[in-house]
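Undergrad: here is my input, please return the structure:
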Amino acid sequence: MTINNIMVFDIETVPDVDAGRRIYGLDGLDDEAAAQAMFKLRMEKTGREFLAHHLQCIVAISVVFRHGEHCKVWSLGDESSPEQDLIQRFFDGLDRYTPTLVTWNGSGFDLPVIHYRSLLHSIAAPRYWEIGESDQSFRYNNYLNRFQWRHTDLMDVLAGYQMRASAPLDEVATLLGFPGKMGMSGAKVWDTYLEGDIRAIRDYCETDVLNTYLVYLRFELIRGHLTQDAYAQECQLVRDTLLASDKPALLEFNDAWKQD
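TA: This next block holds a predicted model:
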């Protein structure tokens with residue numbers, strides 16, 4: 001078998017301070033102060049600052065797309081694109097290609113956040129929400145069913161759908177000889193956003209989707225969907241894609257990627 005029509009994606013988020021003002025009555029606070037109030041309320045409720053899904057605002061969606069003879073790595077839109085545009089572009093890709101989605105914890109985080117933000121912006125995505133009513137092929141293989149393959153959440157699958165067995169992407173990627181985190185983490189996204197450095201957030205998101213895709217290729221190898229030769233060819237295609245890029249972050253990722 002070969003790898004084709006695969007869309008790996010990851011999102012980066014910041015607090016939706018406008019929602020925080022509406023829900024918690026934080027009028028009069030600037031963005032930084034409103035976010036701190038939201039973190040404090042969340043800590044009091046759950047013991048951790050990480051905000052609920054519906055209070056997350058998407059600032060980057062990055063993709064690895066393997067289609068035909070090509071592999072592409074990029075972030076949707078540009079640094080000034082509003083959240084609504086990023087989500088619309090994401091669903092436009094699904095409508096056009098109907099790819100297999102691949103994520104790391106996409107079922108637990110990325111997709112639920114996209115669901116809530118789609119509600120907020122009234123973004124229609126009939127192909128994504130299809131479960132066989134209009135297209136029978138989606139009845140037993142759709143994006144929404146946890147135990148089907150049209151969306152493969154690698155964290156979920158590798159843990160055997162047992163949360164206590166789940167592992168961080170960074171550690172799994174590093175274990176396999178892939179770069180893992182490179183100088184940034186999700187915990188730094190809000191501070192980086194306040195500094196206005198959207199490019200750094202997009203670069204970080206792209207390294208996450210690259211790590212996810214490389215783990216996916218190894219997963220396809222152990223599933224028997226790739227031979228050793230085919231796996232090596234797919235990895236080389238990723239390297240060739242990175243080397244052909246003019247983006248320093250992608251070239252740095254290639255330099256940090258150990259030879260198999």
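
Undergrad: how deep is residue 135 tucked in, by neighbour count?
TA: Residue 135 is flanked by 13 other residues according to other CB atoms under 10 Å. Every residue, glycine included, has its C-beta placed from N, CA and C.

Undergrad: hey, which strand is longest across this structure?
TA: Using DSSP state E, we find that the single longest strand of the chain is strand 56-67.

Undergrad: now the helices for the stretch 101-250 of the chain?
TA: 111-121, 126-129, 154-158, 169-175, 189-194, 198-222, 228-243, 248-256 (DSSP state H, counting those that start in this stretch).

Undergrad: and the ones you listed, which is most packed in?
TA: helix 198-222 (a mean of 22; mean count of other CB atoms under 10 Å).

Undergrad: name the nearest residue to residue 68, sequence neighbours excluded.
TA: Leaving out its chain neighbours, the residue that sits closest to residue 68 by CB to CB, 6 or more residues apart in numbering is residue 4, at 7.0 Å.

Undergrad: picking up where we left off before, would a markdown table of the helices of the stretch 101-250 of the chain with distance to residue 83 and mean pLDDT be doable?
TA: Shown next, in a markdown table, are the helices of the stretch 101-250 of the chain (distance: least, CB to CB, whole Å; pLDDT from 0 to 100):
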| stretch | distance to residue 83 | mean pLDDT |
| --- | --- | --- |
| helix 111-121 | 6 | 98 |
| helix 126-129 | 17 | 97 |
| helix 154-158 | 24 | 98 |
| helix 169-175 | 23 | 97 |
| helix 189-194 | 12 | 95 |
| helix 198-222 | 12 | 97 |
| helix 228-243 | 27 | 97 |
| helix 248-256 | 22 | 95 |
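
Undergrad: can you check which of these gets nearest to residue 50?
TA: helix 189-194 (11.0 Å; CB to CB).

Undergrad: show residues contacting that closest one.
TA: For helix 189-194, the surrounding residues in contact (CB atoms under 8 Å, 6 or more residues apart in numbering) are 12, 13, 14, 15, 31, 32, 35, 59, 184, 200, 201, 204.

Undergrad: and the pLDDT for the residue sitting furthest away from the middle of the chain?
TA: Outermost residue of the chain with respect to the C-alpha centroid, by CA atoms, centre = their mean, is residue 28; its distance is 33.1 Å. In this model, residue 28 is scored at 92, pLDDT.

Undergrad: what's the spacing between it and residue 41?
TA: 16 Å (CB to CB, to the nearest Å).

Undergrad: related to what we said a few turns ago, in what helix or strand does the residue nearest to residue 68 lie?
TA: Using DSSP states H and E, residue 4 sits within no helix or strand.

Undergrad: so it sits right up against residue 67, yeah?
TA: Yes - using CB atoms under 8 Å, residue 4 is in contact with residue 67, at 6.5 Å.

Undergrad: who has more neighbours, these two?
TA: A count of neighbours by other CB under 10 Å puts residue 67 above the other of residue 4 and residue 67, at 14 against 11.

Undergrad: for the more buried one, which non-adjacent residue is spatially closest?
TA: residue 5 (5.5 Å).

Undergrad: ok, residue 65 next?
TA: That would be residue 72: by CB to CB, 6+ apart, it lies 4.9 Å from residue 65.
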